[in-house]
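Enquirer: Model the structure of this input:
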Amino acid sequence: MASKVLDLLYWRDVGTTGLVFTGLVVGLACLFQLSAITILSNLGLGIMAFTLPLCLLYKAMTLVRLNDGSHPFQSYLDEDRTLTDEDTVRMAEQIVLLIATAVTELKRLFFIDSIMDSVKFVVFLYLLSYVGVQTNGLTLVMTGVICAFSLPLLYKLQQERIDKVVKAIKKLVEKGTEIVDLVISLAKPPPAPAPSPAPTLKHKQKTK
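Expert: Numbers count the residues shown, from 1 in each chain. The predicted structure is shown next:
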């Protein structure tokens, strides 16, 4: 499944990727004007408007003996898309693992396990709230789809230049992180001195 998604994102099959990309963008654009129920019902009607007449045509050709009686969509009907027990368990384990990882990471950020990571998270939330005021979720989804299909292709075409820019940005981020860590370490109060050990009592002299 993951390999098929990567094949689509990296445009390894231009025809299939173009069809999927166009369908996603057109579908999301339609959601700006129509409801999801209207789009799905019309899409289903469009598919049935193609498959039903074609199936009836094949039946008619079979009656007049111009066809061997084969079904026009038999290859699609023969495909086995059912999930085995192992596939179901594996998918459930992956979903539970993702949820547990997300909960652990959010708990770490909200309860300040690392000051630097929590500060980054606060900046991210602030920027996200600003983006939410300027646009809506559907626009973000469409932007994400366009970026997902265009950025890998752009990186493939301009890999050397992008790598140089990324390395320069990483160096700046590392320097900024070092400065912030230094400021935080200087702002921390010095550790409390360890309590001095209690003096040992001298053994009493033995009485005569």
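
Enquirer: Spit out the contact partners of Thr17.
Expert: By CB atoms under 8 Å, 6 or more residues apart in numbering, the contact list for Thr17 reads Asp7, Leu8, Leu9, Trp11, Phe149. No exception for glycine: its C-beta is placed from N, CA and C like everyone else's.

Enquirer: Provide the backbone phi and psi angles at Ser114.
Expert: Dihedral angles of Ser114 (phi, psi; degrees, to the nearest 10) stand at phi -130, psi 120.

Enquirer: contacting residues for it?
Expert: Contacts of Ser114 by CB under 8 Å, 6+ apart are Arg108.

Enquirer: quick one: it from Lys107, how far?
Expert: 12 Å (CB to CB, to the nearest Å).

Enquirer: quick one: contacts of the helix or strand bottoming out on mean pLDDT in the chain?
Expert: Within the chain, no helix or strand scores below helix 2-9, which has a mean of 78 by mean pLDDT, DSSP states H and E. For helix 2-9, contacts defined as CB under 8 Å, 6+ apart pick out Asp13, Thr16, Thr17, Val20, Phe21, Ala148, Phe149, Pro152.

Enquirer: buried stuff in that helix?
Expert: Residues of helix 2-9 classed as buried: Leu8, Leu9 (neighbour count, 16 or more other CB atoms under 10 Å).

Enquirer: just how off-centre is it within its chain?
Expert: In terms of CA atoms, centre = their mean, to the nearest Å, the centre of helix 2-9 is set 13 Å apart from its chain centre.

Enquirer: Just say helix, strand or coil for Pro53.
Expert: For Pro53, the assignment made with DSSP: H, G, I helix; E, B strand; the rest coil gives helix.

Enquirer: ah, wrong one, I meant Trp11
Expert: Trp11 ends up coil, using three-state DSSP.

Enquirer: which residue ranges form the helices in the chain?
Expert: In the chain, the helices defined using DSSP state H lie at 2-9, 14-31, 36-63, 74-78, 85-110, 115-134, 137-157, 159-187.
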